[in-house]
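A.B. asks: 3D, please:
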Amino acid sequence: MQLTNEKSGCPANWVLYDGGCGFCARWVQFWKPTLAKRGIGIAALQDSWVIERLNLPPEDLLRDIRLLTADDKLHSGADVYLQVTRQIWWAWPFFAVFSLPGFNLLIHAGYRLCARNRYCVSHSCRLDTRGDSKK
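C.D. replies: Okay, here's the model as predicted:
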């Protein structure tokens, strides 16, 4: 799948998340309208076009959230949050603070902790992969 340009009205940048994780699916759906306003689409890492495009070993594919930019740069993990927040005027302070050396280590450690435990959170909160909580 080719990234599209602004004339087509389709996203040029993509947040790629673990579609098998209820926690991930819930949050990415929550942020979808905000991301769309900035030309950022969302797709599951398990989508066939994503697997083909990223060409990552299966054991690495679902390790982190990813941001694929129009110029084919791939950001992973906490850096995705930093790249996205710098594009949102009201979230820019988050980017500014967590780009500082000590705080940058903090966001990366916090992200790693959350990423390692995301399936536990999904299971405990009974979050399914559509981003809806089960009744």
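A.B. asks: residue ranges for the helices of this structure, please.
C.D. replies: Remark: helices assigned in the chain by DSSP state H are 22-36, 48-54, 58-61, 78-85, 92-98, 101-124.
A.B. asks: Deepest-packed of those, please.
C.D. replies: helix 78-85 (a mean of 20; mean count of other Cβ atoms under 10 Å). Backbone N, C-alpha and C define where each C-beta goes, glycine included.
A.B. asks: if we can go back for a sec, can you redo the helices of the chain as CSV with distance to Leu67 and mean pLDDT?
C.D. replies: Listed next are the helices of the chain as CSV, based on distance: least, Cβ to Cβ, whole Å; pLDDT from 0 to 100:
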stretch, distance to Leu67, mean pLDDT
helix 22-36, 10, 92
helix 48-54, 12, 96
helix 58-61, 15, 90
helix 78-85, 4, 96
helix 92-98, 13, 96
helix 101-124, 13, 86
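A.B. asks: And those: which comes nearest Cys10?
C.D. replies: The closest of those to Cys10 is helix 22-36. By Cβ to Cβ, the value is 10.5 Å.
A.B. asks: And the closest one, how far out from the chain middle?
C.D. replies: 9 Å (Cα atoms, centre = their mean, to the nearest Å).
A.B. asks: and if you look at stretch 50-59?
C.D. replies: Relative to its chain's centre, stretch 50-59 lies at 15 Å (Cα atoms, centre = their mean).
A.B. asks: quick one: terminal-to-terminal distance for that stretch?
C.D. replies: End-to-end distance for stretch 50-59: 15 Å, by Cα to Cα, to the nearest Å.
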